[in-house]
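Participant: Here is my input, please return the structure:
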Amino acid sequence: MKRLFVVALLLLSFACKEKPKPSFTAQEVVDKSIEDSGGSLYADHGTSFLFRDRKYISESAGGKKVLKRISFLDSVTITDVKTNSAFKRYMNDTIINLSDSIANRYANSVNSVHYFARLPYGLNDQAVSKELLGEETIKGKNYYKVKVTFDQNNGGKDFDDVYVYWFNKETFKPDYLAYDFHVNGGGQRFREAYNERYVNGIRFVDYNNYKAKIKETSIFETGNLFEKGELELLSKIELLEIEVTKN
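Facilitator: Numbering: from 1, shown residues only. Here you go, the predicted model:
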């Protein structure tokens, strides 16, 4: 009996020393984040906003997503229209012929602005893969640290870009994100969300946009570098005149 008691104590001791499992998976963290940021409203509501003197519109036509960017140049209005299968540019009401390379560049630019404006909604797209890296503390708050990559077949031209999101453990909102990119010489960015507001139930934020002072820095270390004040502020990303309407 005494021997059994000792064995039981040893087993209990080993069990207590085991590393506790994460309370949520990466998918569960993202699901909660989307729900708290707008949930089902993302799917059946369109949005519009101004960003750097251009108007961006997201809407649905025939059940398909349509992304627009409108630029006003004196008497000329340039409208870029991106769907899942095509990109078109109009000068006033006249369609402009573009080479495939130029069309892809414009399409990626339009998609990028809409993608960041509607976060975290896009993190459940078909091409997205998510991995919980662990937890991290930034400015005294605890975060779930989630890595996001994209499937080559459905992830678009920049499928090899890597993102990291820091989701607040209490609110599940993505207060920070970082990403690396390979176009235009490549690099890394770190964004700090601020000015959170809800418009007709959907969350929007602005960002302080940082870069690492050393180009070879891993994005997985940018949260720690931000905490130490070792990132350089490049710009502010601010959305103006936001409107949300039911499709």
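Participant: The chain: helices as residue ranges?
Facilitator: 2-17, 26-37, 41-44, 100-117, 222-227 (DSSP state H).
Participant: what's the closest of the ones you listed to residue 67?
Facilitator: helix 100-117 (4.9 Å; Cβ to Cβ). Where C-beta positions appear, they are placed from N, C-alpha and C, glycine not excepted.
Participant: Mind listing what's buried along that closest one?
Facilitator: 103, 105-108, 110-111, 113-114, 116-117 (16 or more other Cβ atoms under 10 Å).
Participant: same deal with stretch 178-194?
Facilitator: In stretch 178-194, counting by 16+ other Cβ under 10 Å, buried: 178-181, 188-193.
Participant: Then stretch 230-241?
Facilitator: 231, 237, 239.
Participant: how close does the residue lying closest to residue 239 once chain neighbours are set aside sit to residue 147?
Facilitator: Of all residues not flanking residue 239 in the chain, residue 49 sits nearest, at 4.5 Å (Cβ to Cβ, 6 or more residues apart in numbering). Here the criterion is Cβ to Cβ, to the nearest Å. By it, residue 49 lies 28 Å from residue 147.
Participant: Equivalent analysis for residue 59, please.
Facilitator: In terms of Cβ to Cβ, residue 59 sits 31 Å off from residue 147.
Participant: next one: residue 84
Facilitator: 26 Å.
Participant: Neighbour count: the two, which is higher?
Facilitator: A direct count of neighbours by other Cβ atoms under 10 Å for residue 84 and residue 147 places residue 147 higher, at 16 against 8.
Participant: related to what we said a few turns ago, could you dump the buried residues of helix 100-117 to a markdown table with distance to residue 68 and pLDDT?
Facilitator: A markdown table is the format used below for these (distance: Cβ to Cβ, whole Å; pLDDT from 0 to 100):
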| residue | distance to residue 68 | pLDDT |
| --- | --- | --- |
| 103 | 15 | 95 |
| 105 | 17 | 93 |
| 106 | 12 | 95 |
| 107 | 12 | 96 |
| 108 | 15 | 92 |
| 110 | 8 | 97 |
| 111 | 11 | 94 |
| 113 | 11 | 96 |
| 114 | 9 | 97 |
| 116 | 16 | 95 |
| 117 | 13 | 97 |
